[in-house]
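Trainee: Provided below for reference: sequence and predicted model.
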Amino acid sequence: MKISQYLYEPQKGWKSIVATSFSSESAPLVLIFGSRYLLENESWMEGLRDLCPEGHWIIASTSGEIYEDFVTDDTIVATALSFEQTRLRVAEVSAAEFAGSYSAGVYLGKELGADDLQYVLLISDGQAVNGSQLVEGMALAIPQHIPITGGMAGDADRFEKTLVGYKKAPAPGQIIAVGFYGEHLHVGHGSVGGWEMFGPDRTISHSEGNVLYELDGQNALDLYKRYLGDYAKDLPGSALLFPLNIWLEGRSEPLTRTILSVDEEKKSMTFAGDVPQHARVRFMKANFDKLIDGSESAARDSVADFDAFTPDFALLISCVGRKLILGQRVEEEVEVVRGLIGTSAIFSGFYSYGEICPNGKGATCELHNQTMTITTLKEL
Amino acid sequence: MPDRHKLLLRQLRKYLPDRAGDEDLQPFISAIKESYLHFERDRIILERSMMLSSEELTEANRRLQGEIHERNEAFEQLLESMRLMEDLDPESSSGVRSGNISLPAIAQILNEQIRVRKAAEQRLMRQEQLLQAVAIGSNKLLTAYTLDEAIWACLTEIVRSTDADVVSCYTYPEDAQPDEASLIYRWISSSCALTLADTPAGPPEELELIRSAMGQLSGNHAVCVKGAGDQTFCSYLLLPVFAENRFWGCLGFFHRLPGKSWSKSQISVLSTLAQSIGGTAYQHMIREELHQAKESAEAATLAKSQFLSVMSHEIRTPMNAVIGFTHLLLEDNPRPEQAEYLRTLKFSAENLLVLINDILDYSKIEAGKVELEETDLDLRQLIQSIRQSLLPRAEEKGIRIQMLIDEDLPQSLSGDPVRIGQILTNLVSNAVKFTDKGYVSIQVSVLSQQEDRLTIELRVKDTGIGIAPDQQQAVFERFTQAHSSTTRVYGGTGLGLAITQKLIELHQSQIRLHSVPGQGSEFFFELTLNKGQNGYLQNPEYLAERIPEKQSLAGMRVLVVEDNEVNIKIITQFLRRWSIDDVFTARNGIQAVEHAQRLAFDVILMDLQMPVMGGFEATGEIRKFDLRTPIIALTADAMPEIRAQVISAGMNDYTTKPFNPNILFEKLVRYLPV
């Protein structure tokens, strides 16, 4: 696998961070993560085309970009991955074409399904798509042992709109899945949160899909505002401080759910995944050390079976909520990953509105919130 | 740096007093400030959230305490209620009394109670259904015509309400052995209808159960077996059915599946049903007996009536001779004392004849064999002729017979002239009989008239001996006269008024009586008759208007067809007396036909019962070639319906034997050639 990486900064334009000579045989996969404001102005594309070979450009807006050991805002990071043995297939849909996110997931899964499928990278719009249904649909269409990882695009802490695109200008509502085929690719993954629960158990007394209205009979938005006090004016971003821990029927482990948007008129809150009625929930809060520990655990999991070698590439997708909590210390969670995986691997990634990863090795893929989710790749 | 963090300002003043304003330090200082703010924000939010959470938990705890308190109170109340329930049901021992019981245990007890109560409720409901079904079934028992229908209808009503899988009804013929039960009806829950048993032998498994219970059943004890080890039925109930004191049969209710049984009240309700069926069976037995008794009584009546008919015929023939020759002797200038003996003989013989006729008539009426005719009736003419016929007797006794007839009485009515004539003749002849001086009057009044019918009152009044008040009811009974001495003085059979009363009852009316002993009697009754069509009146018996001189019959040629020599002798004697010398005789129908073919007769007198060929057949033969010659039937059968028979056979008239010479004379006069 050959990798090159480029950074785009406003006023400065593109510069090369990691340069590698590509063989021209197969089109590389180019992961382009950047600030929504920058991506909306298509001038960045020109410069990248000069630097980077034509290939599968996968573009997503973020709440912060990750490269090397850094976390940046208002940049675009492009990482070109050129595989020697592994084949790629890209499927793209618009969520609007489907009755629901679930059926979009099923469709994409069927598009990519093949005997030698090794791994699926899923990058989705982060606001118009119900991530948990998308993942559930796709997990149904492909064998369970094939890992699906990825994330929901972000929009800093604005929660206005997110953009995703394949080979063209990114747009809201797009979903892209990349299938990786062939036995030469080795994939590892890990996803850990590190949040703690507090306060009383609550029960969702009114909700529709991923929209929450009431907890224990009282309005959920009001409850959040009470907890946020003066910071309620920063909603919905400030609500990321209190994600919900939710116990879903048929699951032994609870999931963490992050708020995506609020509707003051309807007094409702939209979450990154389903919040079914009658489910038991509990507020969560962060602790710096535990978040950093969580990141380290995710890294450890992602290389658990990389005994004798280190990965070529690590994709770090972390939650915008963690970034808001960690503030200036946010890079610490990248540094611990680096410490564990080693200096030879190239890092790329972004802060997202939702992380996608199996809930353990060989387990069902799910949408997560508030986690550091790491996918490691190595072509043998 | 207007919005610098206070702590940061102090630190800058303290540690970097000279460099705080350096341009190149500003981003760093700014980052530190943000970091401070960030931490403070997180601290504030976290502290606030901890406080709120703590408040929420405190509130939750308070609510929980309240709920625990409420729950404890509710628990106490529940315990109290359950103690109350246990007081009502001392058999249960749940540990509630000691108070040492957990909520789940209480819930279990309550569940059990609810189950028990529901079961009880269902039992009650089933009981109610059964009671209703038995009530309807019992009613069906009463309304069905035959016993089989009754039992079928009754069991059909109840089978579904008994909860049984099989219901059977067995009966025992009266003279059968106890184990010869025969199945009448059987119902199986899987089928919809009660079925009549195909074969009298029921299923062996049922018969075996019944046989083994026979001792108790025949002692009128119900047999209820639960949890029987039997292959076919797990439990069963057998109820004896007694028709009064006789063991009539039994009802069987069988359960195929375990867990079903009968409650005391079910058994008592079904026992009542079995008793009702027994009662019905008994009623039907009685009804059957009564029916047989009635049939044998009717058969006896018929035999009696046939006997009387034969008797009357057998008696009439010799009586004919007695009366006939008495008449002849009386007209043969006997000596005064001989004449006295002959008159007594004649009186006795005539009385005997009336008696025979009355007995015959009465038995016919009693056997219900008399039906009223509906034909043209001239009541005025009828009364006239009755008066005429009784006038000789009255004149002998020196009394008058008056007729008082309402001017409004129409000439043409519709009714039975024979029976109305009989009623009036009886009443008037009685009146004449019991009146020695004064008069007898016959009155007819029209009481009301409608368009097509009218109601009249007929009265027969006399100035005779009268009837004492305590005797007035008895005169209408058979063989009763007002006084036992009466018969000796006045003769009579004692049947006349009984017959009269019966005939009036046939007309849907009642005879009534006013009488003062020594002053006279008055019999009266009403008749409602249809008006006639003013048609042709054919009552030849009563049409005689004139009694011609006896000598005027000379020159007639008469054929007497009669097999009895004595009768021939009497008839020819009378005919000679009336100057009829041209008399031919035939001994049977064939001879009569031969005579009729050879000669022209003015009248043929035709006996009906003869050897070789009878009168009806002979008349038929004669009418084939001769439609004109009058044929008068001579019959010993005095029944009124004989008239219709002879007319339809082609004869013109009839007279009864032994014949009254006067009547025969009148008939001959009527057919005298002009």
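Mentor: Right, received. Where do you want to start?

Trainee: state the distance from the closest residue to chain B within the stretch 201-350 of chain A to residue B:184.
Mentor: Of the residues in the stretch 201-350 of chain A, the one nearest chain B is residue A:327, at a distance of 4.1 Å by C-beta to the nearest C-beta. C-beta coordinates here come from the backbone N, C-alpha and C atoms, glycine included. Distance, residue A:327 to residue B:184, using C-beta to C-beta, to the nearest Å: 100 Å.

Trainee: looking at these two, which is more packed in?
Mentor: residue B:184 (19 against 15; other C-beta atoms under 10 Å in any protein chain shown).

Trainee: find the nearest non-adjacent residue to the more buried one, please.
Mentor: Distance criterion C-beta to C-beta, 6 or more residues apart in numbering or on different chains; nearest residue to residue B:184, sequence neighbours excluded, is residue B:169 at 4.9 Å.

Trainee: tell me the pLDDT of that neighbour.
Mentor: On pLDDT, residue B:169 comes in at 86.

Trainee: so which elements touch the helix or strand harbouring it?
Mentor: When elements are assigned from DSSP states H and E, residue B:169 belongs to strand B:166-171. Helices and strands touching strand B:166-171, as assessed by 3 or more C-beta pairs under 8 Å, 6 or more residues apart in numbering or on different chains; DSSP states H and E, comprise helix B:147-158, strand B:182-188, helix B:204-212, strand B:246-255.

Trainee: ranges for the helices of the stretch 201-350 of chain A?
Mentor: For the stretch 201-350 of chain A, the helices defined by DSSP state H, counting those that start in this stretch cover A:220-228, A:288-302, A:320-326, A:332-341.

Trainee: TSV for these, including mean neighbour count?
Mentor: Listed next are the helices of the stretch 201-350 of chain A as TSV, based on neighbours: other C-beta atoms under 10 Å in any protein chain shown:
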stretch	mean neighbour count
helix A:220-228	20
helix A:288-302	21
helix A:320-326	25
helix A:332-341	20
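
Trainee: out of these, the one nearest residue B:332 is which?
Mentor: helix A:220-228 (148.9 Å; C-beta to C-beta).

Trainee: list the contacts of the closest one.
Mentor: A:212-215, A:232, A:234-235, A:238-239, A:241-242, A:259, A:262, A:264, A:267-269, A:283, B:45, B:48-49, B:52 (C-beta atoms under 8 Å, 6 or more residues apart in numbering or on different chains).

Trainee: skipping its backbone neighbours, what lies nearest the residue of the stretch 51-200 of chain A at minimum distance from chain B in space?
Mentor: At 3.7 Å from chain B, residue A:199 is the closest residue in the stretch 51-200 of chain A, using C-beta to the nearest C-beta. Nearest residue to residue A:199 in three dimensions, chain neighbours excluded: residue B:53, at 3.7 Å (C-beta to C-beta, 6+ apart).

Trainee: and that neighbour, how many neighbours?
Mentor: By other C-beta under 10 Å, neighbour count at residue B:53 equals 16.

Trainee: am I right that it falls within a strand?
Mentor: No. Remark: residue B:53 does not belong to a strand; assigned using DSSP: H, G, I helix; E, B strand; the rest coil, it is helix.

Trainee: any idea how far it is from residue A:120?
Mentor: 40 Å.

Trainee: for residue A:295, same thing?
Mentor: 23 Å.

Trainee: got it, and residue A:106?
Mentor: Counting by C-beta to C-beta - residue A:106 and residue A:120 are separated by 13 Å.
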